[in-house]
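Q: This is the structure alone, sequence omitted:
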């Protein structure tokens, strides 16, 4: 078996394309997701239409601007200016204060602020809306309600646990770890096994006294090692570049990752039994694994919002369960008691894939 | 006259069925030690199926198969140690060097480090390829690759080498050289079991069997077969047999 491991390492290191995919991809992905594809909003341009221009409105405007989320693009003078301002596309949000704002608060106990948002990008609009409301609520709470009992305001306050700043990196890192581990292990193993089939070397190995299981294990071990190194790189990067913490136990995280890795590898072996060419193996891994994992595992789109059929489909995505596990360990810092179910599911999947691969392998041999 | 020689492959009443399809219908034949045995037949005649059974890759539905004195059905692993195998794909790794290919297959067959080194040197000397051991296989010309493949397949000194269409896609001169290697192995006592599409190669074999529709239609020395069918070359023998079937 040692001969296999050595040969496979030699093969990987000699093939620079494999190396690039193996180590370049995780780096690029994490950088991309961490820096470029971010849901965090900084410096959104807004305009203010202040019909009142009193102390309170000025203070609220000031509060908005002093959070680093907004940049004041301009003051508008009338409602007529709102539409053209949006059309030019520079402004994402207009804050409108009604007239006699401060006076109305004093006399009637309430006043209106209107938020107009550019919803051509609904995500951004939602986030800006939430940020603005948050800031205004805080202001109202601290400055206006002091010492007043009436009118009674019911203040809805959101508390964001575990990811106070709502950093999207925190959301992406578990997803990236999942996708990368899955992709590298499953795709790479299926490709290398199929490559041996294509080359005809698999035949020669099967004719040799080495048992098929040993052949496969020997081939797969180097990928376990490399994927594991990859995992560590991703974790270090996310910690030191993006400040993503590991609040739970690191050994547990690594152990769970190892389990997930083995699951992906067995899936890769299964794929290899189903494909005749490297290209086919690659396509299968891409479309059967990568896309569904990205789309359905809760990596990008929340599963709760999906229709029932897709939610059920997401249940058979191994990635979904692993993401839950990672988030639990890294962000919540809880132990295995909180995700033994998810762990069991992945373990079950692993066993299922291994059994299926062995069955298919024997059938193929006999053809 | 061949009976004095030791039987190295004994196939008796071999049947292989896939569902209702009989790929091998009651094959019975023997191969002797040191013989070059040509296993001929059109595509789909059942050659590959039979060869897989001989190599222990697939189990017969019924019948007995002994290779190197061992029952393949019962001890496929023991048989696998005694045989070498080379296909038309050469079974070598293009991204490994010549030496690494030897080392890998030597490891697969459980040879020690020293023995691998010694065998590698032996083959490289024989092929006049000293100085090429660190060359990547992808840079080696086809003819040499083929000879290397044959050498690698015999690194563990097997009793029998199975060659599955070893000369596919190779020019006549290279093929000729390759057959010289086969002769040499045979003279050293290695049995060579070879499938081929080239009927001129069939002439080089000591004995050939011709399969069609899962049965062995003819078996004997090339000259005997030619006499029996009253034709001048093996190509015509093959066509006669194929035509009789239709």
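A: Yep, that arrived. No experiment lies behind these values; they were computed from the predicted model shown.
Q: what about the least confident helix or strand in chain A by mean pLDDT, near chain B?
A: Using mean pLDDT, DSSP states H and E, the weakest-scoring helix or strand in chain A turns out to be helix A:16-19, at a mean of 72. No. Against chain B, helix A:16-19 shows no contacts by C-beta under 8 Å from any C-beta of the partner chain, the least distance being 9.8 Å. Backbone N, C-alpha and C define where each C-beta goes, glycine included.
Q: helices and strands around the next helix or strand along the chain from that helix, which ones?
A: The helix or strand immediately downstream of helix A:16-19 is helix A:25-31, counting by DSSP states H and E. Counting contacts by 3 or more C-beta pairs under 8 Å, 6 or more residues apart in numbering or on different chains; DSSP states H and E, helix A:25-31 is packed against helix A:168-182, helix A:212-240.
Q: Now do the SS call for residue B:25.
A: With DSSP: H, G, I helix; E, B strand; the rest coil as the basis, residue B:25 sits in strand.
Q: ok, how many other residues are close to it?
A: By the criterion of other C-beta atoms under 10 Å in any protein chain shown, residue B:25 has 16 neighbours.
Q: Flag every residue of chain B that's near chain A.
A: Residues of chain B lying near chain A by C-beta under 8 Å from any C-beta: B:18, B:55-59, B:77, B:80-81, B:83, B:85-96, B:100, B:103-110, B:136, B:153, B:162.
Q: hmm, back to that, now mean pLDDT, mean neighbour count and distance to chain B too, for the helices and strands packed on helix A:25-31, in JSON lines please.
A: Formatted as JSON lines, the helices and strands packed on helix A:25-31 follow (pLDDT from 0 to 100; neighbours: other C-beta atoms under 10 Å in any protein chain shown; distance: least, C-beta to the nearest C-beta, whole Å):
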{"stretch": "helix A:168-182", "mean pLDDT": "77", "mean neighbour count": "23", "distance to chain B": "24"}
{"stretch": "helix A:212-240", "mean pLDDT": "84", "mean neighbour count": "18", "distance to chain B": "9"}
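Q: just so I know, which of the ones you listed lies nearest residue A:15?
A: Ranking the helices and strands packed on helix A:25-31 by proximity to residue A:15 (C-beta to C-beta) places helix A:212-240 first, at 12.1 Å.
Q: Next, the angle helix A:168-182 makes with the closest one.
A: Following axes from the mean of the first three to the mean of the last three C-alpha atoms, to 10 degrees, one obtains 160 degrees for the angle between helix A:212-240 and helix A:168-182.
Q: helices and strands around the helix or strand just after helix A:212-240, which ones?
A: Using DSSP H and E, the next helix or strand after helix A:212-240 towards the C-terminus is helix A:250-274. Applying 3+ C-beta pairs under 8 Å, 6+ apart, one finds that helix A:250-274 contacts helix A:168-182, helix A:188-199, helix A:212-240, helix A:278-284, helix A:318-327, helix A:340-365.
Q: again, only this time at 6 Å
A: Judged by 3 or more C-beta pairs under 6 Å, 6 or more residues apart in numbering or on different chains; DSSP states H and E, helix A:250-274 is in contact with helix A:168-182, helix A:188-199, helix A:212-240, helix A:318-327, helix A:340-365.
Q: Count the neighbours of residue B:178 for me.
A: Using other C-beta under 10 Å, residue B:178 has 20 other residues around it.
Q: just the one 5 residues further on next, same as before
A: Applying other C-beta under 10 Å, we find 13 residues neighbouring residue B:183.
Q: With adjacent residues omitted, what lies nearest to it?
A: Spatially, and ignoring its direct neighbours in sequence, residue B:183 is nearest to residue B:36 (7.5 Å; C-beta to C-beta, 6 or more residues apart in numbering or on different chains).
Q: burial count for the one you found?
A: Neighbour number of residue B:36 under other C-beta under 10 Å is 21.
Q: Outline the domain layout of chain A.
A: What automatic domain parsing lists as the domains of chain A is A:1-36, A:44-161, A:168-366.
Q: Check chain B for its longest helix and report it.
A: helix B:172-187 (DSSP state H).
Q: Run the chain-centre distance for the lowest-mean-pLDDT helix or strand in chain B.
A: When the helices and strands of chain B are scored by mean pLDDT, DSSP H and E, helix B:234-245 comes last with a mean of 80. In terms of C-alpha atoms, centre = their mean, to the nearest Å, the centre of helix B:234-245 is found 22 Å from the chain centre.
Q: Fine by me, we can end here.
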